[in-house]
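Peer 1: Build me a model:
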Amino acid sequence: MRFQTELVPARLIRRYKRFLADCTLEDGREVTAHCANPGSMMGLAEEGMKIWLEPNDDPKKKLKFGWRLVDHENGHFTGVDTSLPNRALKAALMAREVAALAHYPLVRPEVKYGTKSRIDFLLSGEGLPDCYVEVKSVTLNRHTGLAEFPDSVTARGTKHLGELAEVAKAGHRAVLLYLVQRTDCSRVAMAADIDPAYAAAHIAATQAGVETLCIGTHISPTEITLAAPLALAEAAR
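Peer 2: Next up is the predicted model:
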């Protein structure tokens, strides 16, 4: 998925109120960018970090920049916009580029299910069990090569795991897909020390038949595309 507008580099001043970030552009101007990430962004919001912003000229938008990437300045990037994984994954699912899900011809986003919830994607096909796919954006990295989820307590994520477990028990296919928006990780684990309830719910969901898929990404200031599957590891100790 290519960015709609060419990204511009900046330095982070501070992130605040979860969805706002003050930044300094290369020409010295200070701007406020929208931060489309409700998580803690642990390790990704330090003052002085090099980041990439997407400018816009939409008169309906109050903020004229959106924060898209953290540039680790070592050849690696992290995508911080939690809306991008669903957009990238939708295109990949429709093109049947996700091997484990490639035999489903029909892809429907945002379908109601459970208790006042919407599944990110409902996949279907003749002669196949319906497949409910919940997508989580993973950006936390505290140990070399290991991506972890979540980066803060997520009651909503725990609720989703319980609903996926019920879907699996009903005979459908249920998939929790962790899309890792980092280019420096090859494994994924649950951050049990951050949210023990979520980690326990993941174990229970797995026992109920929920599948876990972990997929990496290729990230640059030009685009974000899906990469190879990643290994699911035990939580780091």
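Peer 1: number of nearby residues for the closest residue to Glu223 other than its chain neighbours?
Peer 2: Distances taken as C-beta to C-beta, 6 or more residues apart in numbering put Arg2 closest to Glu223, at 4.3 Å, once the chain neighbours are dropped. In short, each C-beta sits where N, CA and C put it, glycine included. A count of nearby residues for Arg2, using other C-beta atoms under 10 Å, gives 10.
Peer 1: Could you check how far Arg2 is from Glu54?
Peer 2: To Glu54, Arg2 is 11 Å away according to C-beta to C-beta, to the nearest Å.
Peer 1: what does Gly66 give?
Peer 2: Gly66 is 5 Å from Glu54, by C-beta to C-beta.
Peer 1: The two: who's more crowded?
Peer 2: Applying other C-beta under 10 Å to Gly66 and Glu54 shows that Gly66 carries more neighbours, namely 23 against 20.
Peer 1: Look up the residues forming beta bridges with the residue nearest the centre of the chain.
Peer 2: Residue closest to the average C-alpha location in the chain (C-alpha atoms, centre = their mean): Ser137, at 1.5 Å. When bridges are called by DSSP bridges, Ser137 pairs up with Leu179.
Peer 1: Quick check: it touching Pro85?
Peer 2: Yes - contact criterion C-beta atoms under 8 Å: Ser137 and Pro85 qualify, at 4.7 Å.
Peer 1: tell me, what's touching those two both at once?
Peer 2: Shared contacts of Ser137 and Pro85 (C-beta atoms under 8 Å, 6 or more residues apart in numbering): Gly79, Leu179, Gln181.
Peer 1: Tell me where the longest helix sits in this structure.
Peer 2: Determined from DSSP state H, the single longest helix within the chain is helix 155-169.
Peer 1: Show me what it is in contact with.
Peer 2: 113-115, 117, 132, 134, 136, 150, 174-176, 195, 197-198, 201-202, 204-205, 208-210.
Peer 1: at 10 Å what do you get?
Peer 2: Helix 155-169 has contacts (C-beta atoms under 10 Å, 6 or more residues apart in numbering) with 38, 113-120, 129-134, 136, 149-150, 154, 172-176, 195, 197-211.
Peer 1: What's the PyMOL line that selects buried ones from the residues you listed?
Peer 2: Here is the PyMOL selection string for the buried members of those, based on 16 or more other C-beta atoms under 10 Å:
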select buried, resi 113+119+120+129+130+131+132+133+134+136+149+150+154+172+173+174+175+176+195+198+199+201+202+205+206+208+209+210+211
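Peer 1: From the contacts of helix 155-169, which land in strands?
Peer 2: 113, 117-120, 131-134, 136, 149, 173-176, 211 (DSSP state E).
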